[in-house]
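Q: Return atomic coordinates for the entry below.
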Amino acid sequence: MTVQEPRGLHRRRNPLTGRWVLVSAHRNARPWQGERSRGETLPLVAHDPSCYLCPGNRRANGDVNPAYDGPYVFDNDFPALGPAAADHDTGPQGSNLFAFETVQGRCRVLCYSPDHSRGLSRLPTTQIRAVVDTWAEESAGLGQAHQWVQVFENKGAMMGCSNPHPHGQIWASDHLPDEAVLEDQHQQTYFATHGEALLAAVAREEFGGPRQVLANPHWLVIVPWWATWPFETLLLPRQSVARLEALDAVMRDSLAEALHQLTRRYDALFECDFPYSMGWHGAPYGRSDVRPWQLHAHFYPPLLRSATVRKFMVGYEMLAEAQRDLSAEEAARRLRELPLPA
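A: Sure, this is the predicted structure:
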């Protein structure tokens, strides 16, 4: 049975990473005189001639986008990861204090739609399904040559998005990044101890509970017990699946519907184009046993009280541990009870 909301000041542990978060729900009522950001608004035009990502436009590197009519993927013009050099050495180098290692990888950009004004929350489920298929296809292809494939999206200027055209990114690397290492370690340990995937247990315990936001026959969205960001959510399959490309047609259709519902709820919460960073975590590639891993997506939105007041990770969060002013249960209730537009 899922754990209910604890009373008073307390800490909660994230079983995926081993980190803790301090929950101080009473602080959400404090007066706010800090920075108020501008609310995010969607572009109003379907095609922007000055946009580097719209069909037919010239990108910053001089390439011209084709007249695409669905999801469009290309190699990032300014990649953070690139191919290995001739003398590529993956082993640790330097000293015990100042170690380094060379890395290689590939960075891809995924435009969700040719329409400059339609992010995931404004796409019909059929077009979201096309995005899901592209995530799966890219992950499978990049996974043949890389250990980790990170599908993600930074939505909105508040989250550092450099172009308003709805798009995400896919970075593949020959190493496991820090977050993946932690999730891998904790999922492996849980499986070895309990004989069940950690997030499969979470999905079972949280279904129908106070932290559930929405559910359908194949997917569950919760505000996780250990949420750090105010309206953070975790999207989980209700069946065992380790990677995006392992989703069958029914689960992909169901996922498109869950994404449609979740992103619309976000936009409705503060009546704005809701900013967030989101990303998929699946089993690393090159593994013979993926049973400890359960595919999942993290959504990290910064907004706290309105379209203009956001959460800052500063001070105590940077120097000690994460802290939140809104309980996970209250955040889930607010998202769950939102009346959605027809």
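Q: Now do the SS call for the closest residue to Pro71 other than its chain neighbours.
A: Using CB to CB, 6 or more residues apart in numbering and skipping residues adjacent in sequence, the residue nearest Pro71 is Thr134, 4.3 Å away. To be clear about C-beta, it is placed using only N, CA and C from the backbone, and glycine gets the same treatment. The three-state label given to Thr134 by DSSP: H, G, I helix; E, B strand; the rest coil is helix.
Q: Please tell me I have it right and Thr134 contacts Arg108.
A: No - judged on CB atoms under 8 Å, Thr134 makes no contact with Arg108 at a distance of 9.9 Å.
Q: can you list residues touching both of these two?
A: Common contact partners of Thr134 and Arg108 (CB atoms under 8 Å, 6 or more residues apart in numbering): Val73.
Q: Dihedrals phi and psi, Trp219?
A: phi -140, psi 150 (degrees, to the nearest 10).
Q: State the pLDDT value of the closest residue to it other than its chain neighbours.
A: Among residues not flanking Trp219 along the chain, Ala258 sits closest, at 4.2 Å (CB to CB, 6+ apart). Here the pLDDT value assigned to Ala258 is 98.
Q: before we move on, what about Pro210?
A: The model's pLDDT for Pro210 equals 97.
Q: need the contact list for the nearest residue to it once chain neighbours are set aside.
A: With sequence-adjacent residues excluded and distances taken as CB to CB, 6+ apart, Pro210 is closest to Glu329, at 4.6 Å. Counting by CB under 8 Å, 6+ apart, Glu329 touches 4-5, 210-211, 223.
Q: buried sites along the host helix or strand of Glu329?
A: In the assignment (DSSP states H and E), Glu329 maps to helix 328-336. Using 16 or more other CB atoms under 10 Å as the test for burial, helix 328-336 gives 328-336.
Q: Quick one: distance of it to the chain centre.
A: 18 Å (CA atoms, centre = their mean, to the nearest Å).
Q: coming back round to it: the residue nearest to Pro210 and His298, how far apart?
A: Separation of Glu329 from His298 (CB to CB, to the nearest Å): 19 Å.
Q: now do Arg106
A: For Arg106 relative to His298 (CB to CB), the value is 22 Å.
Q: can you check Leu255 too?
A: In terms of CB to CB, Leu255 sits 15 Å off from His298.
Q: neighbour-wise, which of these two wins?
A: Neighbour totals were compared for Leu255 and His298, and Leu255 leads with 26 against 20 (other CB atoms under 10 Å).
Q: what sits against the more buried one?
A: Neighbours of Leu255 in contact, by CB under 8 Å, 6+ apart: 129, 132, 218-219, 247.
Q: tell me the secondary structure for it?
A: Here Leu255 is recorded as helix under three-state DSSP.
Q: hang on, Thr17 packs against Glu183?
A: Yes - contact criterion CB under 8 Å: Thr17 and Glu183 qualify, at 6.5 Å.
Q: Tell me which of these two has more neighbours.
A: Glu183 (24 against 15).
Q: isn't there a helix covering that one?
A: Yes - applying three-state DSSP, one finds Glu183 inside a helix.
Q: Phi first, then psi, for the closest residue to it other than its chain neighbours.
A: Using CB to CB, 6+ apart and skipping residues adjacent in sequence, the residue nearest Glu183 is Leu16, 5.0 Å away. Phi and psi for Leu16, reported as degrees, to the nearest 10, are phi -80, psi -30.
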